[in-house]
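Student: Predicted model and sequence below, questions to follow.
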Amino acid sequence: MAGKATAVKNGDDLVKEVVKIAGKLGLETKEQFHVARRIWGANRKIDVILIESKSRKTLGVECKYQGGGGSAEEKIPATIQDIEAWPIPGLVVFAGEGITENMKSFLISTGKAVELTEIEPWLKLFFGLSLE
C-alpha cells in the first residue's frame with residue numbers, strides 16, 4: 001500500500017523498485033524496451049513495460065528520480081508529452097527529494113504521473129487486480 005516503497009537513491013534503484021512492486025502484483029516486466037525513435041532521431045526506450053498475463057493489458061512506465069537540485073525535474077513534462085507517442089498507455093513514476101512540491105502538483109494533475117509511494121494501488125486499479 002501507499003508509503004511502503006523502499007527508499008531509492010537513483011534512477012536505477014527506482015526502476016528496480018517498480019519492477020519489484022510489479023512482480024509482487026504478478027505482472028510480467030520488461031526493462032529498457034526499445035520502441036521506435038523520438039522526433040529528433042534518438043532511440044526511444046521505455047524504462048519498464050508491465051503486462052498482466054491473463055488480459056495482456058500493457059502499461060509503459062518511465063522512471064524519473066531527482067535527488068537534489070538539478071535539471072531532471074525540468075525534463076519530466078517533456079516525458080509526459082513523449083508518452084503520448086507510445087503505442088501503449090504510459091505513466092511516469094517519480095521519486096526523490098529534488099522534485100519540488102510545485103512539480104509534484106503539476107505531474108499529478110496530468111493524470112499521467114504518480115509518486116513511487118502511490119504506485120502499488122495505482123497499478124492495482126489500472127490492471128483490475130485485487131484491492132486488498
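Tutor: The structure has been received and is ready for your questions.

Student: ok, and the helix or strand in this structure with the lowest average confidence?
Tutor: In the chain, no helix or strand scores lower on mean pLDDT, DSSP states H and E than helix 72-82, which sits at a mean of 78.

Student: did I read that right, residue 49 in a strand?
Tutor: Yes - under DSSP: H, G, I helix; E, B strand; the rest coil, residue 49 sits within a strand.

Student: Surely it and residue 58 touch.
Tutor: Yes - the pair residue 49 / residue 58 is scored as a contact, 6.4 Å apart, by C-beta atoms under 8 Å. C-beta coordinates here come from the backbone N, C-alpha and C atoms, glycine included.

Student: about what we covered before: ok, the very next helix or strand once past the least confident helix or strand of the chain: who's next to it in the sheet?
Tutor: Once the chain leaves helix 72-82, the next helix or strand it forms, by DSSP states H and E, is strand 90-95. Applying DSSP bridges, strand 90-95 is found paired with strand 58-65 (parallel), strand 113-115 (parallel).

Student: Name the stretch among these that sits most buried.
Tutor: Across those, averaging neighbours per residue (mean count of other C-beta atoms under 10 Å) puts strand 58-65 on top, at a mean of 22.

Student: Quick check: mean pLDDT of that one?
Tutor: What strand 58-65 shows for mean pLDDT is 95.

Student: Give the buried residues for stretch 47-60.
Tutor: Of all the residues in stretch 47-60, those buried under the rule 16 or more other C-beta atoms under 10 Å are 47, 48, 49, 50, 51, 52, 58, 59, 60.

Student: Could you list the residues in contact with the lengthiest helix in the chain?
Tutor: In the chain, with assignment by DSSP state H, the single longest helix is helix 11-24. Residues external to helix 11-24 that are found in contact with it (C-beta atoms under 8 Å, 6 or more residues apart in numbering): 5-6, 8, 29, 31, 47-48, 50, 61, 63-65, 93, 95, 116, 119-120, 123.

Student: Report the angle between it and strand 58-65.
Tutor: Taking axes from the mean of the first three to the mean of the last three C-alpha atoms, to 10 degrees, one finds helix 11-24 and strand 58-65 inclined to each other by 150 degrees.
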